[in-house]
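Participant: Can you look at this prediction? I've put the sequence above it.
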Amino acid sequence: MPELPKPQPQPRSLANGSVVRDAGNGGKGTLKFDNNGEVDAVFTLAADGKAVASGYAAKGQVATIEGVKDGSYEIYYTTGVDWDSELKQFTQDCRFVKVGKQHEFTPDGGGTIWTVKLRADDGKGNADSSSKTGNEVPQP
């Protein structure tokens, strides 16, 4: 009897907008992440190099973190395939990016709203970014 091929495991993912790290609801700020890329992404707000909030943005979707407290934050995102919720990382085709420098969230006008677009129609995002290694980004 011929041996049947083994089924390939399906990559794991979360629902769009899933909270990976909860920041609580202590602020009025909002971070919107427009993932118009070809793979899923996890985006992270960090203060002093430590993650304070993270969310999951499925490919082609917009996800939001609300309740961001006033302050100055770095924004990072990781893209890839096969999200491991226990390790809080993608297991395949990982890419790590820091978006610009500091992003200020203030209570003015009901709170700051930042929108980060992963990739614009011309292939570039809407913010300066720099590639990083996995060791250079805070764990979501």
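Facilitator: That came through, no problem. Just so we're clear, the structure is a prediction, and the values are computed from it rather than from any experiment.
Participant: element containing residue 67, please.
Facilitator: According to DSSP states H and E, residue 67 maps onto strand 61-68.
Participant: Can you name the next helix or strand after that strand?
Facilitator: Next in sequence after strand 61-68, counting helices and strands by DSSP H and E, comes strand 71-84.
Participant: Show me how far that following strand is from its chain's centre.
Facilitator: On the basis of Cα atoms, centre = their mean, to the nearest Å, strand 71-84 sits 3 Å off its chain's mean C-alpha point.
Participant: Adjacent strands (with direction) for the strand holding residue 67?
Facilitator: strand 29-35 (antiparallel) (DSSP bridges).
Participant: tell me the mean pLDDT over the partner strand?
Facilitator: Mean pLDDT, strand 29-35: 92.
Participant: Just the CA coordinates for that strand, please, in PDB.
Facilitator: Extracted in PDB, the C-alpha atoms of strand 29-35 (Å, rounded to 0.1, in the frame of the first residue of the first chain):
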ATOM      1  CA  GLY A  29      -5.000  57.500  23.300                       C
ATOM      2  CA  THR A  30      -5.500  55.200  20.300                       C
ATOM      3  CA  LEU A  31      -3.100  53.400  18.000                       C
ATOM      4  CA  LYS A  32      -4.500  52.100  14.700                       C
ATOM      5  CA  PHE A  33      -2.300  49.700  12.700                       C
ATOM      6  CA  ASP A  34      -3.200  49.200   9.000                       C
ATOM      7  CA  ASN A  35      -1.700  45.900   7.900                       C
END
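Participant: picking that back up, now what about the strand holding residue 67, what contacts it?
Facilitator: 16-17, 19, 23-35, 43, 45, 53-57, 105, 111-112 (Cβ atoms under 8 Å, 6 or more residues apart in numbering). The way it works is simple: take the backbone N, C-alpha and C, and place the C-beta from them, glycine included.
Participant: Also stretch 99-119?
Facilitator: 27-37, 41, 43, 57, 68-77, 79, 125-129.
Participant: what's the pLDDT at the residue most central in space within the chain?
Facilitator: Nearest to the mean C-alpha position of the chain, by Cα atoms, centre = their mean, lies residue 43 at 1.3 Å. Residue 43 is assigned 94 on the pLDDT scale.
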